[in-house]
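S.K.: I'd like to go over a predicted model; first the sequence, then the structure.
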Amino acid sequence: MFLIILKANKDDERDIFELQKLVFEQESDKFGISPLKQTLAQIHADFQKCTVLKAIENDKIVGSVRAYLSNGAAHIEKLFVHPDKKNIGIENELLRQIEKCFKVQRYEVEVIDKDKSDLKVYQQAGYKIYSAKDISEDVMIVYLEKRGMTK
């Protein structure tokens with residue numbers, strides 16, 4: 001596997017949108033939750049406010065992550081990889097690289113508690129649960145944080 005992680009650009013929006021749709025539709029089926037219904041226009045807006053990274057293997061985008069700065073913390077969102085590429089380290093590398101983009105005291109992320117593999121990626125990277133909120137009878141959002149560098 002030859003993997004490259006780069007900052008995504010406007011030309012990558014559609015490919016990231018299609019991959020995101022594939023990943024999150026599968027997860028919604030797997031966990032019985034509402035699928036992520038983000039439009040291409042909303043992805044474009046994310047590209048305006050966020051740092052977006054892409055993982056490329058054999059000239060194809062196989063993963064992505066985005067983050068933005070708010071109240072002195074880096075908020076990490078939508079870390080995902082192609083279903084055929086899960087659990088081989090791409091998620092971990094995307095997370096490490098997005099953290100390097102922000103010199104902050106705190107990183108924050110939220111995940112669905114049913115997705116144990118996502119939770120594991122963050123916890124192995126040093127993230128700790130600080131809060132949780134029920135969003136349905138059997139689904140909970142888990143909030144995690146990691147201390148970063150001091151400025």
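M.R.: On my side now, so go ahead. Here the structure is a predicted model, which means the values were calculated and not measured. Residues are numbered from 1 along each chain as shown.
S.K.: which neighbours does the longest strand along the chain have in its sheet, and in what orientation?
M.R.: In the chain, with assignment by DSSP state E, the single longest strand is strand 60-70. Applying DSSP bridges, strand 60-70 is found paired with strand 51-57 (antiparallel), strand 73-81 (antiparallel).
S.K.: A helix includes residue 136, no?
M.R.: No: counting by DSSP: H, G, I helix; E, B strand; the rest coil, residue 136 falls outside a helix, being coil.
S.K.: what's the pLDDT at residue 66?
M.R.: Model confidence at residue 66, given as pLDDT, is 97.
S.K.: quick one: residues contacting it.
M.R.: Contacts were defined as Cβ atoms under 8 Å, 6 or more residues apart in numbering; by that measure residue 66 touches 46, 50-53, 76-78, 98. The C-beta positions use only the backbone N, C-alpha and C, and glycine is treated the same way.
S.K.: any idea what it is bridged to?
M.R.: Here residue 66, judged by DSSP bridges, has bridge partners residue 52, residue 77.
S.K.: distance-wise, check it relative to residue 78.
M.R.: Separation of residue 66 from residue 78 (Cβ to Cβ, to the nearest Å): 6 Å.
S.K.: need the overlap of contacts for the two.
M.R.: Common neighbours of residue 66 and residue 78 (Cβ under 8 Å, 6+ apart) are residue 46.
S.K.: as a markdown table, the contacts of residue 66 with distance to residue 106 would be great.
M.R.: Below are those laid out as a markdown table (distance: Cβ to Cβ, whole Å):
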| residue | distance to residue 106 |
| --- | --- |
| 46 | 21 |
| 50 | 17 |
| 51 | 16 |
| 52 | 20 |
| 53 | 19 |
| 76 | 11 |
| 77 | 15 |
| 78 | 19 |
| 98 | 14 |
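S.K.: nearest to residue 16 among those residues?
M.R.: Minimum distance to residue 16 across the contacts of residue 66 is 7.2 Å, recorded for residue 52 (Cβ to Cβ).
S.K.: tabulate the CA atom coordinates of the helix or strand containing residue 117 in PDB.
M.R.: Assigned by DSSP states H and E, residue 117 falls within helix 116-124. Extracted as PDB, the C-alpha positions of helix 116-124 are listed here (Å, rounded to 0.1, in the frame of the first residue of the first chain):
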ATOM      1  CA  LYS A 116     -16.700   0.900  18.200                       C
ATOM      2  CA  SER A 117     -14.000   1.100  15.500                       C
ATOM      3  CA  ASP A 118     -14.200   4.900  15.300                       C
ATOM      4  CA  LEU A 119     -14.200   5.100  19.100                       C
ATOM      5  CA  LYS A 120     -11.100   2.900  19.200                       C
ATOM      6  CA  VAL A 121      -9.200   5.000  16.700                       C
ATOM      7  CA  TYR A 122      -9.600   8.100  18.800                       C
ATOM      8  CA  GLN A 123      -9.000   6.400  22.100                       C
ATOM      9  CA  GLN A 124      -5.800   4.800  20.800                       C
END
